[in-house]
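Engineer: this one's structure only:
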């Protein structure tokens, strides 16, 4: 058990809809990372938050947004969903320094019909 | 931007033999490199971190080497077991504080009984 909790585990929705994915980091970790993993793309970094502030941004679409709350949990919001957004979305956390290992949750599998 | 290449072909190894996976990178000299294991439908799990001044790092049956001249890391599993079957990812740190961590696409390893 990594200590990182992601909800929901599965999400099925339709094109054009909006969803929110939730992540509770490991106790004591200040950094939260979001990744998208699809079959042909590998693990793609989306965004990182550190203690409530955005720290680094990857290839995150404008339709996607995220935030980290004072209690350090994080949410990833995906809107105007398209078929191509179907993927596994992972959250990871670390104490803070990027060199420290990241601990991943088991992901949310998003299916767009 | 930095790039990581891992052999995208699956690797089949007979049980008991040594499995060797390769991670090649371009465009900069990272201070360290990380290896993760990912099982189907699960989040990646951190295995080892090797720093640029370390030629080799070991953990039980795992060994990682880091050749900064060749821009390559090798990941070895000795006395391989069917339970070692998984996808193995290497990861490079960001080039600077606001940049992103990069994961390779991973190599799928099958240990044949």
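Structural biologist: That came in fine, so what should we check first? The model shown is predicted, which means the values in this text are computed figures rather than measured ones. Numbers count the residues shown, from 1 in each chain, chains lettered A, B, ... in the order given.
Engineer: can you map out the strands along chain A?
Structural biologist: Along chain A, the stretches classed as strands by DSSP state E are A:5-7, A:10-13, A:19-24, A:31-38, A:42-50, A:53-57, A:64-68, A:74-78, A:87-94, A:103-104, A:108-112.
Engineer: any chance of CSV for those, columns mean neighbour count?
Structural biologist: Yep, even glycine has a C-beta here, placed from its N, CA and C like the rest. Formatted as CSV, the strands of chain A follow (neighbours: other C-beta atoms under 10 Å in any protein chain shown):
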stretch, mean neighbour count
strand A:5-7, 16
strand A:10-13, 14
strand A:19-24, 20
strand A:31-38, 24
strand A:42-50, 22
strand A:53-57, 15
strand A:64-68, 19
strand A:74-78, 20
strand A:87-94, 25
strand A:103-104, 22
strand A:108-112, 18
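Engineer: dump those strands to JSON lines, plus mean pLDDT and distance to residue B:101.
Structural biologist: Shown next, in JSON lines, are the strands of chain A (pLDDT from 0 to 100; distance: least, C-beta to C-beta, whole Å):
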{"stretch": "strand A:5-7", "mean pLDDT": "97", "distance to residue B:101": "19"}
{"stretch": "strand A:10-13", "mean pLDDT": "97", "distance to residue B:101": "25"}
{"stretch": "strand A:19-24", "mean pLDDT": "98", "distance to residue B:101": "17"}
{"stretch": "strand A:31-38", "mean pLDDT": "95", "distance to residue B:101": "8"}
{"stretch": "strand A:42-50", "mean pLDDT": "92", "distance to residue B:101": "6"}
{"stretch": "strand A:53-57", "mean pLDDT": "91", "distance to residue B:101": "8"}
{"stretch": "strand A:64-68", "mean pLDDT": "97", "distance to residue B:101": "16"}
{"stretch": "strand A:74-78", "mean pLDDT": "98", "distance to residue B:101": "16"}
{"stretch": "strand A:87-94", "mean pLDDT": "96", "distance to residue B:101": "10"}
{"stretch": "strand A:103-104", "mean pLDDT": "96", "distance to residue B:101": "12"}
{"stretch": "strand A:108-112", "mean pLDDT": "97", "distance to residue B:101": "20"}
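Engineer: same list, those, but as JSON lines with distance to chain B please.
Structural biologist: Below are these laid out as JSON lines (distance: least, C-beta to the nearest C-beta, whole Å):
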{"stretch": "strand A:5-7", "distance to chain B": "8"}
{"stretch": "strand A:10-13", "distance to chain B": "11"}
{"stretch": "strand A:19-24", "distance to chain B": "11"}
{"stretch": "strand A:31-38", "distance to chain B": "8"}
{"stretch": "strand A:42-50", "distance to chain B": "4"}
{"stretch": "strand A:53-57", "distance to chain B": "5"}
{"stretch": "strand A:64-68", "distance to chain B": "14"}
{"stretch": "strand A:74-78", "distance to chain B": "15"}
{"stretch": "strand A:87-94", "distance to chain B": "5"}
{"stretch": "strand A:103-104", "distance to chain B": "3"}
{"stretch": "strand A:108-112", "distance to chain B": "8"}
